[in-house]
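Novice: Based on what follows, work out the 3D shape:
(4 chains)
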2 protein chains.
Amino acid sequence: MVTVKDVAKAAGVSIATVSRVVRDEANVKKDTKDLVLKVIRELNYQPNALARQMRQQSTKTVIVIVPDIGNSFFHEILFGIQDTATKYGYQILIANMNNKPDVETYYFNALLQKQVDGVISLSANIAKSLMDKVANAYPIVVACQYLDNSDMPNVTIDNISAAKRIVEYLIEQGHTHIAHLTSHPTALLYRDRFNGYISALAEHGLPIDLELVCYDEPSIEGGYRQMNNLLELGKPISAVFAAGDTMAIGALKALKNAGLKVPDDFSVVGFDDIEFSSIFEPALTTIRQPKFLIGQTAFEKLFKIMNGAPLDSLKDILDYELVIRESSGVNRHK
Amino acid sequence: MVTVKDVAKAAGVSIATVSRVVRDEANVKKDTKDLVLKVIRELNYQPNALARQMRQQSTKTVIVIVPDIGNSFFHEILFGIQDTATKYGYQILIANMNNKPDVETYYFNALLQKQVDGVISLSANIAKSLMDKVANAYPIVVACQYLDNSDMPNVTIDNISAAKRIVEYLIEQGHTHIAHLTSHPTALLYRDRFNGYISALAEHGLPIDLELVCYDEPSIEGGYRQMNNLLELGKPISAVFAAGDTMAIGALKALKNAGLKVPDDFSVVGFDDIEFSSIFEPALTTIRQPKFLIGQTAFEKLFKIMNGAPLDSLKDILDYELVIRESSGVNRHK
DNA sequence: TTGTATGCGTTATCAA
DNA sequence: TTGATAACGCATACAA
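Specialist: Numbering: from 1, shown residues only, chains lettered A, B, ... in the order given. Modelled structure (predicted):
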């Protein structure tokens, strides 16, 4: 391995001078600089990033904890983060937890061990105690997810309001018996969407039937299973609001399987606007989260924290959008 | 930041002893060990991974260059890599190139700068000169993709044979006029699949019409566009072989749009077996690459190279599988 | 079983 | 404008 020492010797200068040239510092004579650059090229010298990082106590690297990289919802967020990080000369390290909390803990240690300068977590499943320990001492931003009573920097949309909005849209279409497919109520995220659902019904004087609220894994299979359960209830439902697009697609499959036509017989709406949702047939009506922007905002926020700059606000609430496609329509069975 | 020094002072031992305890080395008295561990807990000491890596000249980290993290084809491969890497105590750093070659170059530098111990590239778009430079001096494995005349360690399936197999399946179903949707012929991958297509036709004495071979981006849009072009040709085609599942799904959409029924009027087959292919309706007939196994094998191979162990073979050719679903069937229009 | 001392490759301080 | 040298935090050869 060729080091500053080798370059210095070959160029007949000190290692300090080599270092200055490498870092493109001022105060170095043109001739010297040219000579050193020539030698660097000749020897094919590459600065050892590890040594530099160790000396500077900074890696210019940020770890992004992704709950499940197989979920396309996270891709665009990742793009947004990466886009902004690159702009500031940072690398991102993608840590895929594969939905296992212990893995998350493992990656948090990378931070404690100074391998990264900051963390963006797209998950909030981690033990609260560890989270607090980390948050107090290290730069961290939580995006998409969030915890109860937490004062951690955060970037999300207003899930309550968005859920309420899309359920109100169904109500506007004449639906009065609307079911809700959702997931682990331990996640505040799902409780918020549930609350939005409830308050939309309540404000429009519609009856609330908790038997129409079904819980399962946030997956196609989960949505499929619960939609079938719903159908077996034999109640006069005409629409369903799924708290995630994957569950909504599962519901769509169950309905097709049962011989029901969407949106003629039944309306289905989701949440998130993942890539599949516009490709699947029928294309899904859903709430679009500004994923790229969430990523950008999260990095910008983290960057400020890492550099000790003041934050305009601890929590950023971004705008969502109701995207109406083919899976929903007016209730024709009133 | 608390370091070995702090721990040593607090425990009244030398830093060497602390280091021994941290690394769980033998030759340290039980009492001393317990004491040191107690102090470590009390001070909440975390070894600085950067310093350790620098000292050992090894990061226990492998970079995986992914052409496009938004393409679900790569997820399972990533899982396979991660699974095996974790088993050996390695971290993986996912570098998303976003289909930009310059980004790939950028990440290769991480290797040259000793930030990672090895590279798994799922892409082969990089400049051949850089690739060679890297391959000669550093541990690297290329998976899924490959270059002409290259003697780099490699893990793939036999694309020629797989393409031939799925086209032969179409021929068995009575199809005689089979089109081919493919992408950039600069990629050896696509040329191989094209060759498989040609040789299946040739061996069964079927006419070869190069007008039925269409090139476009390997995306849903690309498949959609080219399927429409094909339809406009007005030729008696009854089946199409797309060199990738995304293009196949685009073709499916174009056919539906044209009022054609799949598989009654038309058969469509793809390649790769991405997640969406089994969810889309009609579910896609395709070639399944053993993605998880490719990932595992690639890491195992890299691990051997990193440790100077001999390789059983330079190139591993894994088995593929023909997966028959709903998008293909017998030719009823003969 | 433990401690001392050196070096990993770089950056940065200070002096020249 | 340049050079000598001291850190950064750890692992390890060698000595005790």
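Novice: For the nearest residue to A:Glu321 once chain neighbours are set aside, give me its contacts.
Specialist: Sequence neighbours aside, A:Arg288 is the residue nearest to A:Glu321 in space, at 4.4 Å (criterion: C-beta to C-beta, 6 or more residues apart in numbering or on different chains). (C-beta placed from N, C-alpha, C; glycine too.) By C-beta atoms under 8 Å, 6 or more residues apart in numbering or on different chains, the contact list for A:Arg288 reads A:Asp272, A:Asp273, A:Tyr320, A:Glu321, A:Leu322, A:Val323.
Novice: can you give me how far stretch A:112-129 is from the chain middle?
Specialist: In terms of C-alpha atoms, centre = their mean, to the nearest Å, the centre of stretch A:112-129 is set 14 Å apart from its chain centre.
Novice: Report whether it contacts chain B.
Specialist: Yes: with C-beta under 8 Å from any C-beta of the partner chain as the measure, stretch A:112-129 is seen reaching chain B through A:Leu112, A:Gln113, A:Lys114, A:Gln115.
Novice: Which members of these occur in helices, if any?
Specialist: A:Leu112 (DSSP state H).
Novice: Turn the residues of stretch A:112-129 next to chain B into JSON lines, columns for pLDDT and neighbour count.
Specialist: JSON lines is the format used below for the residues of stretch A:112-129 next to chain B (pLDDT from 0 to 100; neighbours: other C-beta atoms under 10 Å in any protein chain shown):
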{"residue": "A:Leu112", "pLDDT": "76", "neighbour count": "19"}
{"residue": "A:Gln113", "pLDDT": "82", "neighbour count": "16"}
{"residue": "A:Lys114", "pLDDT": "78", "neighbour count": "20"}
{"residue": "A:Gln115", "pLDDT": "82", "neighbour count": "21"}
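Novice: Pick out the residue of the stretch 151-300 of chain A closest to DNA strand C.
Specialist: Closest to DNA strand C within the stretch 151-300 of chain A is A:Phe299: 23.4 Å, counting by C-beta to the nearest atom of the strand.
Novice: From DNA strand C, how far out is A:Ile63?
Specialist: According to C-beta to the nearest atom of the strand, to the nearest Å, A:Ile63 stands 22 Å off from DNA strand C.
Novice: Am I right that that residue sits in a strand?
Specialist: Yes: judged by DSSP: H, G, I helix; E, B strand; the rest coil, A:Ile63 forms part of a strand.
Novice: residues touching it, list them.
Specialist: A:Ile92, A:Leu93, A:Ile94, A:Ala95, A:Tyr107, A:Ala110, A:Leu111, A:Gln115, A:Val116, A:Gly118, A:Val119, A:Ile120.
Novice: Select from those every entry located in helices.
Specialist: A:Tyr107, A:Ala110, A:Leu111.
Novice: State whether the last one and A:Ala137 are indeed in contact, as I suppose.
Specialist: Same thing as A:Leu111. No: with contact defined as C-beta atoms under 8 Å, A:Leu111 does not reach A:Ala137; the gap is 9.1 Å.
Novice: For the residue nearest to A:Pro67 when sequence neighbours are not counted, grab the count of nearby residues.
Specialist: Sequence neighbours aside, A:Ser123 is the residue nearest to A:Pro67 in space, at 4.3 Å (criterion: C-beta to C-beta, 6+ apart). Counted by other C-beta atoms under 10 Å in any protein chain shown, the residues lying close to A:Ser123 total 20.
Novice: How about A:Ser19?
Specialist: A:Ser19 is flanked by 16 other residues according to other C-beta under 10 Å.
Novice: What of A:Ile208?
Specialist: By other C-beta under 10 Å, the residues close to A:Ile208 number 11.
Novice: Can you verify my assumption that it contacts A:Leu201?
Specialist: Yes: counting by C-beta under 8 Å, A:Ile208 touches A:Leu201, with 5.4 Å between them.
Novice: Give me the common contacts of the two.
Specialist: Contacts common to A:Ile208 and A:Leu201, judged by C-beta under 8 Å, 6+ apart, are absent.
Novice: Can you classify A:Ile317 by secondary structure?
Specialist: strand.
Novice: what's the closest non-adjacent residue to A:Trp236?
Specialist: No Trp there; residue A:236 is Pro. A:His177 (5.3 Å).
Novice: Please report how far that neighbour lies from DNA strand D.
Specialist: Counting by C-beta to the nearest atom of the strand - A:His177 and DNA strand D are separated by 62 Å.
Novice: what's the answer for A:Thr156, then?
Specialist: In terms of C-beta to the nearest atom of the strand, A:Thr156 sits 35 Å off from DNA strand D.
Novice: Report the beta-bridge partners for that residue.
Specialist: For A:Thr156, the beta-bridge partners under DSSP bridges are A:Ile317.
Novice: Phi, psi for the residue nearest to A:Pro236 please.
Specialist: Note on A:His177: backbone dihedrals following degrees, to the nearest 10 are phi -120, psi 90.
Novice: so who does it touch?
Specialist: By C-beta under 8 Å, 6+ apart, A:His177 lies in contact with A:Asp209, A:Leu212, A:Lys235, A:Pro236, A:Ile237, A:Ser238, A:Ala239.
Novice: So which of those sit within strands?
Specialist: If you go by DSSP state E, those have A:Ala239 in strands.
Novice: Put the buried members of the contacts of A:His177 into a PyMOL selection.
Specialist: Typed into PyMOL, the line below selects the buried ones among the contacts of A:His177, using 16 or more other C-beta atoms under 10 Å in any protein chain shown:
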select buried, chain A and resi 212+237+238+239
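Novice: now the contacts of A:His177 in a markdown table, with distance to DNA strand D and pLDDT?
Specialist: A markdown table is the format used below for those (distance: C-beta to the nearest atom of the strand, whole Å; pLDDT from 0 to 100):
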| residue | distance to DNA strand D | pLDDT |
| --- | --- | --- |
| A:Asp209 | 59 | 97 |
| A:Leu212 | 56 | 98 |
| A:Lys235 | 62 | 95 |
| A:Pro236 | 66 | 94 |
| A:Ile237 | 60 | 96 |
| A:Ser238 | 63 | 97 |
| A:Ala239 | 58 | 98 |
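Novice: right, and A:Asp117 touches A:Gln57 too?
Specialist: No: using C-beta under 8 Å as the test, A:Asp117 is too far from A:Gln57 to be in contact (9.2 Å).
Novice: hey, where'd the helices end up in chain A?
Specialist: A:4-11, A:15-22, A:30-43, A:49-56, A:73-87, A:101-112, A:128-137, A:159-172, A:188-203, A:220-233, A:245-257, A:275-279, A:291-306.
Novice: mind checking how far A:Ile220 is from B:Ala258?
Specialist: As judged by C-beta to C-beta, to the nearest Å, A:Ile220 and B:Ala258 stand 28 Å apart.
Novice: Name the residue in those two with the higher neighbour count.
Specialist: Using other C-beta under 10 Å as the criterion, A:Ile220 and B:Ala258 rank with A:Ile220 on top: 22 against 13.
Novice: Now do the contacts for the more buried one.
Specialist: A:Thr246, A:Met247, A:Ile249, A:Gly250, A:Lys253, B:Ile279.
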